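Student: Mind looking at a prediction? Sequence and model below.
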Amino acid sequence: MKYIFGPVPSRRLGLSLGVDIVPLKTCTLSCIYCQVGKTPNPTLTRREYIPVKEVLDELESHFKSGVKTDWVTFSGSGEPTLNSGIGDILRGIKAMTDIPVCVITNGTLLWDPQVRHDICQADAVMPSLDSALESSFHKLCRPHPDSKIDMIIDGIVQFRKEYQGKLWLEIMIVGGINDTPEELHALRNAVRKIEPDTVQINTVARPPAEVSAKPVPLKRLEEIREYFGENTEIIASFKSDSKKSSPADIDDVRAYLKRRPGKVEDISSALGIETQETEKIIKQLEDSDEITLKEYFGKHFWEYKSQE
Ligand code: SF4
C-alpha cells in the first residue's frame, strides 16, 4: 500500500486508517513543530498530486480485508486539500463504506470555495489554527508568501457556516511563541468567530522540524484550556490493546516511520505487535542505515532518515 497506512491508534479517532494523498512534503506551510520535517517549497497550487484511482483502489482492498477501522483520516505527509482530487476520493469512500471520514487540514485553503465544497462531505474536519497574529503565524508556520492569517481565519469561519459535520479546531501551543497573553487573546477572539464544536489544545510531543519548537508543560495547557472556556480539551495520549490479525513485518514499521518519528512502544501499540518483535525490526532498519535515533526531551524516537 502506497497511500494508506494503519489503522493506527489515534489520540482522537480510535483506530484510524490514514490516507496520504500528497507526496512528502507537499504543504502550504512549513511549521517549525512539523514532525515530517521542513517543507522545501510551500505551495498553494492544487493538483492531482496522487491519482484518485490509485488511492481508491487501495482503499477498496482495505475495506474488503475487513480489518477493524473506526475512522478513515486524511493526513500524512503534507496538506491533503492541495490534492485537487480530494472531493472525488471522499465521494468514492462514501460509496464504499459507512466508516466515518475525517480530514485533518491546516485550514489555509478554506478561503477557496472549491476546497470548502470538496471537503464538505467529510464527517469531521479538523483544521488547525496556531496563531491569529500575522507575525507569530509567520514565525511558527512559515507559510507560502501569499497566505495571510486574516484570510485563513475568514475561510474557516465561512466553512463553519456552510458545513454540517463536526468541526474540531486544533491549536498547537509552542512554548515562548503562541503561549503569551497577547497571542492567546487573539486566538480566543478567532475561536469565538469560528464557533467550532470543540477546541483541542496540543503541544509538541515528537521531534519537531526545528529545535526551537518547545513543548509547554501540562499545567500551562490546563490554564490555557480554562482561558478558552467550555468545549476546550487537552488531547490526551491514546492507548490501544488492539492486535493486528497478522504479524507486522518490516514494511509496516518502515511505512510508520516514514510518516512520523516513533518510540518503540508507540510503534508496537500502533501496529499491534509485541515490543520484542518491534525491536528486532528496528535493529534491521538501523543496520540497513534507514533510521536514526533522536532524543527529544529525554525520550528516544526512531526517525526515518529520508525525512531530514
Ligand atoms: S505540521 Fe502540517 S501544516 Fe504544518 S508543515 Fe507539517 S504537514 Fe504542513
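Tutor: It's in.
Student: Which residues are in contact with Val157?
Tutor: Lys193, Ile194 (Cβ atoms under 8 Å, 6 or more residues apart in numbering). In this view, the C-beta of every residue, glycine as well, is placed from N, C-alpha and C.
Student: cool, and the one 3 residues further on?
Tutor: Residues counted as contacts of Arg160 (Cβ under 8 Å, 6+ apart) are Leu167, Ile194, Glu195, Pro196.
Student: Of those residues, which are in range of the ligand?
Tutor: Taking Cβ under 6 Å from any ligand atom, there is no overlap between the contacts of Arg160 and the neighbourhood of the ligand.
Student: In strands, which of those residues fall?
Tutor: Leu167 (DSSP state E).
Student: Now the buried members of the contacts of Arg160.
Tutor: Buried residues within these, counting neighbours by 16 or more other Cβ atoms under 10 Å: Leu167, Ile194, Pro196.
Student: Dump the residues you listed into TSV; add pLDDT and distance to Ser288 as well.
Tutor: Output for those, formatted as TSV (pLDDT from 0 to 100; distance: Cβ to Cβ, whole Å):
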residue	pLDDT	distance to Ser288
Leu167	98	43
Ile194	98	46
Pro196	98	44
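Student: Assumed Thr21 was part of a helix.
Tutor: One correction, residue 21 is Ile, not Thr. No. In this structure, Ile21 is coil, not part of a helix, as judged by DSSP: H, G, I helix; E, B strand; the rest coil.
Student: Count the residues that sit near the closest residue to Asp289 other than its chain neighbours.
Tutor: In this structure, Asp289 finds its nearest non-sequential neighbour in Lys305, 7.1 Å apart by Cβ to Cβ, 6 or more residues apart in numbering. For Lys305, the neighbour count with other Cβ atoms under 10 Å is 11.
Student: Equivalent analysis for Val211, please.
Tutor: Using other Cβ under 10 Å, Val211 has 9 other residues around it.
Student: Next one, pLDDT for it please.
Tutor: Listed pLDDT for Val211 reads 90.
Student: Kindly report the same for Ser242.
Tutor: According to the predicted model, the pLDDT of Ser242 comes to 45.
Student: ditto for Gln307
Tutor: pLDDT, Gln307: 47.
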